[in-house]
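Asks: structure of the sequence below:
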Amino acid sequence: MNNSKTLFIDTPNTLTKINVEDLQVGMYVSKLDKPWLKSNFLFQGFELKNQADINAVSEQCKFVYIDVNKQNKIQTVEARDAYSKEWLDRKTPPDKLSTFEKEIEHASYLYQETSNLVRSFMQDVCVSETINVEIAKKAVAQCVDSILHAPDALLWMTQLKNRDLYTSQHSMNVCILAIALGRQINLSVEALNDVGLCGMMHDMGKMLVPLEVLNKPGKLEPDELKIMQSHPELGWKLLLSSSGMYAGAIDVAHNHHERLDGTGYPRKLTAEKITPYTRIVAIVDMYDAITSDRVYQKGRTHLDAINIMTKICGTHLDSGLTYKFIECLGIYPPGCIVEMSNGEIAIVVEANQKKKLKPKIILLLDEDKKPRPERMVDLTKMDLDASGQEYRITKIVRAEDYGIDLNKYYHNGIIEKGLASI
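Replies: Numbers count the residues shown, from 1 in each chain. The predicted structure is shown next:
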């Protein structure tokens with residue numbers, strides 16, 4: 001802390017005046033530079049539990065008074081080390097609680113129901129500009145439970161993309177991907193619920209952007225771009241007005257387009273003011289956007305996306321968390337389309353965390369790229385093709401290049417047929 005900016009006063013109450021840029025996690029805010037009723041804080045006195053809390057205070061105050069007797073020194077020390085490269089290197093995901101085969105039916109139902117819920121939130125925002133936070137939290141909790149049981153099941157669902165439903169589906173996917181990344185670094189169940197809610201809520205401000213700008217198929221004009229880039233601030237204000245909203249989700253909505261080097265928007269924050277959850281959501285938000293078909297661009301493959309993202313690690317994205325995300329998805333993530341060494345085309349069903357080049361796949365097209373009976377192949381078991389050669393993946397391909405409609409295959413029971421062929 002820079003003591004030159006600190007003035008000790010009111011000794012009997014051990015209150016210390018401090019500028020907001022010097023706040024640290026673990027400090028206890030006892031008094032503001034304004035009346036409490038003129039702030040958005042629900043409680044008159046609270047501990048700064050994370051960077052999101054610090055950001056929330058910084059939004060509304062220039063200085064505050066902290067109570068040094070209530071300061072959580074242990075948490076301050078822990079926060080300094082959390083999410084560092086050394087901390088991340090020590091983190092490994094917990095064991096799965098179930099299997100893909102057992103979880104996929106539930107995950108399918110959950111994805112559909114929660115996607116509909118997110119869509120209804122967005123429709124409600126357009127009318128009432130408020131969100132039912134309790135329902136959102138319950139939906140996120142179900143996603144957390146599914147990810148902990150068998151993460152690849154819900155990750156598979158994120159590949160069932162519909163360009164016409166991009167905005168709502170994107171928020172759902174970012175929720176799932178954020179939880180999956182959180183699991184990869186072994187966050188607590190409470191933290192997974194928090195980061196999942198951050199992902200679900202991050203783009204709610206887009207519902208307050210005019211549709212002709214939001215859905216414009218071509219390049220935005222400068223004035224239109226300015227309108228589009230207002231969505232983080234619109235989202236921040238919206239979530240602030242939603243009773244019971246988690247402070248971290250409000251922070252993420254405001255800052256998910258900020259970049260570590262200060263080139264982001266809307267406020268050009270630099271690394272020290274960007275929270276871990278904001279960094280997580282920024283990573284998964286970018287990944288889902290790159291890999292999705294949108295009104296103005298075709299989606300890229302998984303490998304294209306991670307190549308783009310690794311090039312901007314350290315300047316735009318958090319390096320340690322980005323590599324943990326890549327580790328989480330694997331080389332061939334669930335739902336991606338791959339070409340085999342014999343020319344057949346398959347879809348990846350379940351990644352193999354230990355043998356990353358050998359996921360479970362379902363064969364869709366034969367060597368001549370014609371439909372063939374679906375068959376599940378576990379590449380760890382050295383299954384052989386028609387010529388007696390071991391099946392091996394050579395590359396990831398775009399589904400559209402081979403006329404594959406993943407939604408159609410899925411709704412025709414592709415996974416059930418594949419599992420039945422084992």
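
Asks: what about dumping the CA coordinates of the top strand by length along the chain to CSV?
Replies: For the chain, the longest strand by residue count, based on DSSP state E, is strand 371-378. Extracted C-alpha coordinates of strand 371-378, given in CSV (Å, rounded to 0.1, in the frame of the first residue of the first chain):
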residue,chain,number,x,y,z
PRO,A,371,-23.1,-41.4,-45.2
ARG,A,372,-22.3,-44.6,-43.5
PRO,A,373,-23.9,-46.5,-40.5
GLU,A,374,-22.9,-44.6,-37.3
ARG,A,375,-20.3,-46.5,-35.2
MET,A,376,-18.6,-45.5,-32.0
VAL,A,377,-14.8,-46.0,-32.0
ASP,A,378,-12.7,-45.7,-28.8
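
Asks: where do the strands sit along the stretch 201-350 of the chain?
Replies: Using DSSP state E, counting those that start in this stretch, the strands of the stretch 201-350 of the chain run over 337-340, 345-350.

Asks: right, so those: which one is the most enclosed?
Replies: Highest mean neighbour count of the strands of the stretch 201-350 of the chain: strand 345-350, a mean of 25 (counted as mean count of other Cβ atoms under 10 Å). Where you see a C-beta, it was placed from the backbone N, CA and C, and this is true even at glycine.

Asks: mean confidence (pLDDT) on that strand, please.
Replies: On average, the pLDDT along strand 345-350 is 93.

Asks: just give me how far stretch 123-138 sits from the chain centre.
Replies: On the basis of Cα atoms, centre = their mean, to the nearest Å, stretch 123-138 sits 19 Å off its chain's mean C-alpha point.

Asks: that stretch spans what distance, first to last residue?
Replies: Distance across stretch 123-138, first residue to last, is 19 Å (Cα to Cα, to the nearest Å).

Asks: count the neighbours of the residue lying closest to Ser241 once chain neighbours are set aside for me.
Replies: In this structure, Ser241 finds its nearest non-sequential neighbour in Thr130, 6.3 Å apart by Cβ to Cβ, 6 or more residues apart in numbering. As a burial measure, Thr130 scores 15 neighbours (other Cβ atoms under 10 Å).

Asks: and Thr130, that one's in a helix?
Replies: No. Per DSSP: H, G, I helix; E, B strand; the rest coil, Thr130 lies outside any helix segment and is coil.

Asks: which residues does the closest residue to Val349 other than its chain neighbours bridge with?
Replies: Once flanking residues are discounted, Val349 sits nearest to Lys360: 4.6 Å by Cβ to Cβ, 6+ apart. Residues in a beta bridge with Lys360, per DSSP bridges, are Glu350, Asp378.

Asks: so for this structure, the centremost residue is which one?
Replies: Nearest to the geometric centre of the chain sits Ala178, at 3.0 Å (Cα atoms, centre = their mean).

Asks: hang on, the earlier thing: nearest to Leu384, of the strands of the stretch 201-350 of the chain?
Replies: Leu384 lies closest to strand 337-340 among these, at 11.6 Å (Cβ to Cβ).

Asks: pull the distance from the closest one to the chain's centre.
Replies: Using Cα atoms, centre = their mean, the offset of strand 337-340 from its chain centre is 26 Å.

Asks: run through who's touching that strand.
Replies: With contacts defined as Cβ atoms under 8 Å, 6 or more residues apart in numbering, strand 337-340 is touched by 332, 345-348, 361, 363-364, 385, 391-399, 402, 404, 406.

Asks: who does it pair up with?
Replies: Paired neighbours of strand 337-340 in the sheet (DSSP bridges): strand 345-350 (antiparallel), strand 393-397 (antiparallel).

Asks: surely Glu367 touches Ile345?
Replies: No. Counting by Cβ atoms under 8 Å, Glu367 does not reach Ile345; the two are 9.3 Å apart.

Asks: can I get stretch 203-223 in CSV, CA atoms only?
Replies: The C-alpha coordinates for stretch 203-223 follow below in CSV (Å, rounded to 0.1, in the frame of the first residue of the first chain):
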residue,chain,number,x,y,z
ASP,A,203,-23.9,-10.1,-22.4
MET,A,204,-27.3,-9.1,-21.1
GLY,A,205,-26.5,-5.5,-22.0
LYS,A,206,-26.8,-6.5,-25.7
MET,A,207,-30.6,-6.8,-25.2
LEU,A,208,-30.6,-3.0,-24.8
VAL,A,209,-28.8,-2.5,-28.1
PRO,A,210,-31.0,-1.7,-31.2
LEU,A,211,-31.6,-4.9,-33.2
GLU,A,212,-30.5,-3.2,-36.5
VAL,A,213,-27.1,-2.7,-34.9
LEU,A,214,-26.9,-6.0,-33.0
ASN,A,215,-27.9,-8.1,-36.1
LYS,A,216,-26.3,-6.1,-38.8
PRO,A,217,-24.7,-8.6,-41.3
GLY,A,218,-22.0,-6.2,-42.5
LYS,A,219,-19.3,-4.1,-41.0
LEU,A,220,-20.5,-1.6,-38.4
GLU,A,221,-20.1,2.1,-39.1
PRO,A,222,-18.2,4.1,-36.5
ASP,A,223,-21.4,5.4,-34.8
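
Asks: and it, what's buried?
Replies: 203-209, 213-214 (16 or more other Cβ atoms under 10 Å).

Asks: most widely separated two among the residues you listed?
Replies: Pairwise distances across the buried residues of stretch 203-223 peak at 16.1 Å for Met204 and Val213 (criterion: Cβ to Cβ).

Asks: quick one on the thing from earlier: dump the residue contacts of the residue nearest to Ser241.
Replies: Per Cβ under 8 Å, 6+ apart, neighbours of Thr130: 124, 238, 241-243.

Asks: show me what contacts Leu148?
Replies: Going by Cβ under 8 Å, 6+ apart, Leu148 touches 94, 96-97, 183, 189, 192.

Asks: want to try CSV for the strands paired with strand 337-340, with distance to Val64 as columns?
Replies: As requested, these are exported to CSV (distance: least, Cβ to Cβ, whole Å):
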stretch, distance to Val64
strand 345-350, 50
strand 393-397, 51
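
Asks: I'd say the residue nearest to Val349 and Lys381 touch.
Replies: No. Using Cβ under 8 Å, Lys360 makes no contact with Lys381, being 9.6 Å away.

Asks: between these two, which is the more surrounded one?
Replies: Taking other Cβ under 10 Å, Lys360 and Lys381 do not tie; Lys360 has more neighbours (25 against 10).
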